[in-house]
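S.K.: Provide a 3D model corresponding to the input given below.
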Amino acid sequence: MTRISEIYSYIDSIAPFDTAMDFDNAGLLCGNMNGEVTRALVCLDITRAAVLEAESLGCELIISHHPIIFKPVKSVPCDSVPYMLAQRSISAICAHTNLDLSPVGTNAQLAKLLGLGGAAFVDGECLVVGELEGEMTAPEFARYIKERLGCGGLRYTDSGKSVKTVAICTGAGGDMVYAANGRADALITGEIKHHELIDADKAGLSVFDIGHYRSEFIVCAPLAEMLRKRFTEVSFTVSSADRELTHYI
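M.R.: Sure, this is the predicted structure:
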């Protein structure tokens, strides 16, 4: 018999919850640590569709990257995710920035998927830097990323320089252009603001905005596999209801 507390402790061992950033809300955000788990759903976001999927699969637990409660709530309507989880007795563990900072987390998994050699975190930053086997132009690298991620599209800037050393900050990591400046030829992130693109171009840094969902969903399958190996008596399923909302034309 596996308890939620055991799964929580394992996640804490690979992505310590106390490393989460101050603004974050990570941990067991709904449910009971003593609850028994036979089936669990792994997803990026716990949406209403994901809750219904977990219920249909008989899951007692959902493990997500993004927190179900991020800002203080003043009400819990019946169609809200926390209410739906409580109503169905489904617990939720959310591993957010602690998973971003983990050596097996979002940034590390994206670096692995893109085949970056020597990928490592920059001290004090949520930024991974690694190297491609060979140099590419920005358009070539954009096509390479699109192929490796199987995504519908992405947007990028071209500094005019070849891309060899690559910095990664998944999710809303546009402000990492300043940390990447001088350390890399390019930054890959999931969200970036207009003025940050201008500053990156001024610094000669190409930027590849692959979308928030696409930059982080890639952690779900590896995380589920690690959990399967550790808890062989529990069934871990990567959500199919949790999906990218962006379409490209």
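S.K.: Can you tell me the closest non-neighbouring residue to residue 21?
M.R.: Closest residue in space to residue 21, ignoring its immediate chain neighbours: residue 97 at 4.4 Å, by C-beta to C-beta, 6 or more residues apart in numbering. In this view, the C-beta of every residue, glycine as well, is placed from N, C-alpha and C.
S.K.: which residues sit in contact with the one you found?
M.R.: Taking C-beta atoms under 8 Å, 6 or more residues apart in numbering, we find residue 97 in contact with 19-21, 24, 26, 126.
S.K.: before we move on, what about residue 32?
M.R.: Contacts of residue 32 (C-beta under 8 Å, 6+ apart): 4, 91.
S.K.: again with the one 4 residues further on
M.R.: Applying C-beta under 8 Å, 6+ apart, we find residue 36 in contact with 1-4, 60.
S.K.: Let me see the backbone angles for it.
M.R.: phi -90, psi 140 (degrees, to the nearest 10).
S.K.: Residue 64 versus that one, what's the distance?
M.R.: Distance from residue 36 to residue 64, counting by C-beta to C-beta, to the nearest Å: 20 Å.
S.K.: Please apply the same query to residue 79.
M.R.: Residue 79 is 18 Å from residue 64, where distance means C-beta to C-beta.
S.K.: Which one's more surrounded, the two?
M.R.: More crowded of residue 79 and residue 64, by other C-beta atoms under 10 Å: residue 64, with 25 against 8.
S.K.: Residue 92 is in contact with the more buried one, correct?
M.R.: Yes. The pair residue 64 and residue 92 qualifies as a contact (C-beta atoms under 8 Å) at a distance of 6.6 Å.
S.K.: got any ranges where this structure has weak pLDDT?
M.R.: Counting by pLDDT under 70, the chain contains no low-confidence segment.
S.K.: which residue ranges form the strands in it?
M.R.: 2-3, 27-30, 36-37, 39-43, 61-64, 91-94, 117-121, 128-136, 155-156, 163-169, 186-189, 206-209, 235-238 (DSSP state E).
S.K.: Adding distance to residue 144, write these out as a markdown table.
M.R.: Formatted as a markdown table, these follow (distance: least, C-beta to C-beta, whole Å):
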| stretch | distance to residue 144 |
| --- | --- |
| strand 2-3 | 40 |
| strand 27-30 | 37 |
| strand 36-37 | 39 |
| strand 39-43 | 27 |
| strand 61-64 | 29 |
| strand 91-94 | 32 |
| strand 117-121 | 15 |
| strand 128-136 | 6 |
| strand 155-156 | 11 |
| strand 163-169 | 9 |
| strand 186-189 | 11 |
| strand 206-209 | 10 |
| strand 235-238 | 24 |
